[in-house]
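Novice: The following block contains a protein sequence and its predicted model.
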Amino acid sequence: MIFVPSLQHGDVSVRSIRVRDARPLRKLLTDNRAWLEKWEATIPGYSVLPPVGDIIRSLLRLARQNHAAPFIIEHDGEIVGQITVSGLSFGSLSSGSIGYWISQHRAGRGITPTAVALVVDWCFTGLGIHRIEICIRPENVSSLRIVRKLGMRYEGLRRRYIHIDGDWRDHFCFAVTIDEVPGGLLARLTRGTANESLADIPEVDRIAARTPIR
C-alpha cells in the first residue's frame with residue numbers, strides 16, 4: 001500500500017485525499033464547473049461521472065494496490081484542488097503520470113506548480129520513482145505554463161490519448177527524471193533556475209494537434 005504523506009512549502013500543502021473530503025470537493029467542482037469541464041476526464045459511453053465519494057474510494061483503492069497516489073491541494077488550509085499520481089509502475093520502468101486541477105479563484109498564484117513540485121520530489125525520494133510525466137491538452141494554456149515554469153522536457157504529441165470532455169483528445173507529453181533534478185524540482189522552481197526552453201513544442205506538433213486524424 002502506498003502511504004500518501006502531507007507535504008508543505010509556504011502556504012501551499014498537499015495531503016492524502018480522504019472520504020470525508022467528498023462534500024467540500026463536490027462543492028468546489030460544482031462552483032468551478034464552467035472552469036473545469038473542458039479539461040475534465042470523462043468515460044466513453046457515459047454522460048455523467050460517478051459521485052465524488054465513489055471516485056475518492058476508487059482512488060484510495062488504487063493507492064492500496066500501489067497504482068496511484070491521490071492528494072488534496074490546500075492553500076492557507078483551504079481545499080483548492082486535487083493532484084493525483086496515476087499509472088504507477090515500479091521495477092525496470094519506475095514511472096508515473098501526474099494529473100491535477102485547481103479552482104479558478106486560486107489559479108495563477110503559483111499554487112499548482114508548487115504542489116506539482118512537492119509531489120514529484122516525493123515520487124523521486126519517497127517512492128523511488130525514476131520518471132514522471134504530465135500530459136496536457138494543446139488548448140490548455142494555463143497547464144502549459146506550469147510545465148514551462150518547472151522546466152519539464154517536451155517529449156511529443158500523443159494523438160487521441162485521453163477521453164476528455166466527451167471525446168478522445170490529443171495531448172502534449174512532458175517529463176522529468178530524477179537525474180535531471182538532482183537538487184529537487186521544488187528547489188529549481190523556487191530558485192527560478194528552470195530551463196523553460198525544455199518545454200518548447202515544435203511547430204510541426206502544434207500543427208498536427210490542430211489537424212484532425214482522417
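Specialist: Structure received.

Novice: use CA for all of it now, contacts and neighbours both
Specialist: Fine.

Novice: what about dumping the CA coordinates of the helix or strand of the chain with the lowest mean pLDDT to CSV?
Specialist: Least confident helix or strand, the chain: helix 33-36 with a mean of 90, by mean pLDDT, DSSP states H and E. C-alpha atoms of helix 33-36 as CSV (Å, rounded to 0.1, in the frame of the first residue of the first chain):
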residue,chain,number,x,y,z
ARG,A,33,-17.9,23.6,-13.4
ALA,A,34,-17.5,26.1,-16.3
TRP,A,35,-13.8,26.5,-15.5
LEU,A,36,-13.0,22.8,-15.3
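
Novice: outside of that helix, which residues touch it?
Specialist: Applying C-alpha atoms under 8 Å, 6 or more residues apart in numbering, the set of residues contacting helix 33-36 from outside is Leu29, Trp101, Ser103, Gln104.

Novice: what's the neighbour count on the first one?
Specialist: Meaning Leu29. 20 (other C-alpha atoms under 10 Å).

Novice: Who are the packing partners of the helix or strand hosting it?
Specialist: Under the criterion DSSP states H and E, the helix or strand holding Leu29 is helix 22-31. Counting contacts by 3 or more C-alpha pairs under 8 Å, 6 or more residues apart in numbering; DSSP states H and E, helix 22-31 packs against helix 52-64, strand 78-89.

Novice: Just the contacts of helix 33-36: which are in helices?
Specialist: Leu29 (DSSP state H).

Novice: and which of the contacts of helix 33-36 is nearest Glu74?
Specialist: Distances from Glu74 to the contacts of helix 33-36, taken as C-alpha to C-alpha, are shortest for Ser103 (10.7 Å).

Novice: For that closest one, grab the count of nearby residues.
Specialist: Neighbour tally, Ser103, other C-alpha under 10 Å: 17.

Novice: what ranges do the strands span in the protein?
Specialist: Along the chain, the segments classed as strands by DSSP state E run 7-9, 12-16, 69-75, 78-89, 95-102, 131-136, 153-164, 167-177.

Novice: For Gly156, give its distance to Val181.
Specialist: 20 Å (C-alpha to C-alpha, to the nearest Å).
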